[in-house]
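Colleague: I'll drop the sequence and a predicted model, then ask my questions.
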Amino acid sequence: MIRVGQGFDVHQLVEGRPCIIGGVTIPYEKGLLGHSDADVLLHALTDAILGALGLGDIGRHFPDNDPAFKDADSLKLLEQVWEMAKEKGYRLGNADCTIIAQKPKMAPYIPEMTAIIAKALHAEPEQVNVKATTTEQLGFTGRGEGVAAQSVVCLIQGMLSS
Ligand SMILES: Nc1ccn([C@@H]2O[C@H](COP(=O)(O)O)[C@@H](O)[C@H]2O)c(=O)n1
Ligand SMILES: C[C@@]1(CO)OP(=O)(O)OP(=O)(O)OC[C@H]1O
């Protein structure tokens, strides 16, 4: 069986917070605001996996009013969700992710993000694609007020016949 899921998330960019995206701490004058570490890319990916599994969304599993998730490491949350996928017998087909941000420049950090995500999903880096786009200075991302991310995953259960 093949299942697909998609996820989307947004976090505000503010001063005095670290800028953690895809598990990488990016040097930047602002960071992402959230109850957790606000890793917008990992949240979108986690939601995509939960969507593929038919298990709702990240807030259902890790509520944003639960002190247990204050400053939570989103990579750990992703790993927990991946355990759910594994328990149901799924492996990753592929994941495709887009970061939507005017700044900072993501390109230098994308190989590390890809490696971190592939490791968390027990997959090869070739199965994970991370890309970035600006919105040409339009909208809240274009004004640098926030960062958005979206993700699509394909999960495979059992053997595929050729
Ligand atoms: N925050 C970002 C945004 C974009 N990139 C890279 O720049 C390329 C051009 O972006 P456009 O929005 O003008 O199409 C894009 O393809 C990314 O490779 C980036 O690194 N960080
Ligand atoms: C993981 C959580 C936990 O508080 O992180 P937040 O930083 O609140 O981020 P958001 O994407 O708004 O919702 C997901 C939450 O469940």
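Modeller: Received it, and whenever you're ready, just let me know what you need. Numbering: from 1, shown residues only. Ligands and ions are numbered 1, 2, ... in the order given.
Colleague: now the strands: where do they sit in the chain?
Modeller: Using DSSP state E, the strands of the chain run over residues 2-14, 20-21, 24-25, 31-32, 90-100, 128-133, 146-157.
Colleague: from these, which stretch is densest packed?
Modeller: Burial of those is given as mean neighbour count (mean count of other C-beta atoms under 10 Å); strand 20-21 ranks first at a mean of 26. C-beta here means a position set from N, CA and C on the backbone, and glycine is covered the same way.
Colleague: average pLDDT across that one?
Modeller: Model confidence over strand 20-21, given as mean pLDDT, is 98.
Colleague: Residues of the protein that sit close to ligand 2?
Modeller: 9, 34-36, 38, 43, 58-59, 62, 64, 69, 72, 77 (C-beta under 6 Å from any ligand atom).
Colleague: any idea which of those residues has the most stuff around it?
Modeller: The member of these that has the most neighbours, counting by other C-beta atoms under 10 Å, is His43 with 28 neighbours.
Colleague: That residue reaches Ser74, doesn't it?
Modeller: Yes - taking contacts as C-beta atoms under 8 Å, His43 lies within contact range of Ser74: 6.2 Å.
Colleague: shared neighbours, these two?
Modeller: Overlap of the contact sets of His43 and Ser74 (by C-beta atoms under 8 Å, 6 or more residues apart in numbering) consists of Ser36.
Colleague: pLDDT weak spots in the chain?
Modeller: 160-162 (pLDDT under 70).
Colleague: State which one residue of it is found closest to ligand 2.
Modeller: Using C-beta to the nearest ligand atom, the single residue of the chain nearest to ligand 2 is Gly34, 2.6 Å away.
Colleague: Grab the nearest non-local neighbour of that residue.
Modeller: Taking C-beta to C-beta, 6 or more residues apart in numbering as the measure, Gly34 lies nearest to His11, with 5.3 Å between them; neighbours along the chain are not counted.
Colleague: How about Asn65?
Modeller: Nearest-residue entry for Asn65: His35, 7.7 Å, with adjacent residues in sequence omitted and distances by C-beta to C-beta, 6+ apart.
Colleague: near ligand 1, which residues of the chain?
Modeller: With the criterion set to C-beta under 6 Å from any ligand atom, the chain comes near ligand 1 through Ala101, Lys105, Met106, Ala107, Ala132, Thr133, Thr134.
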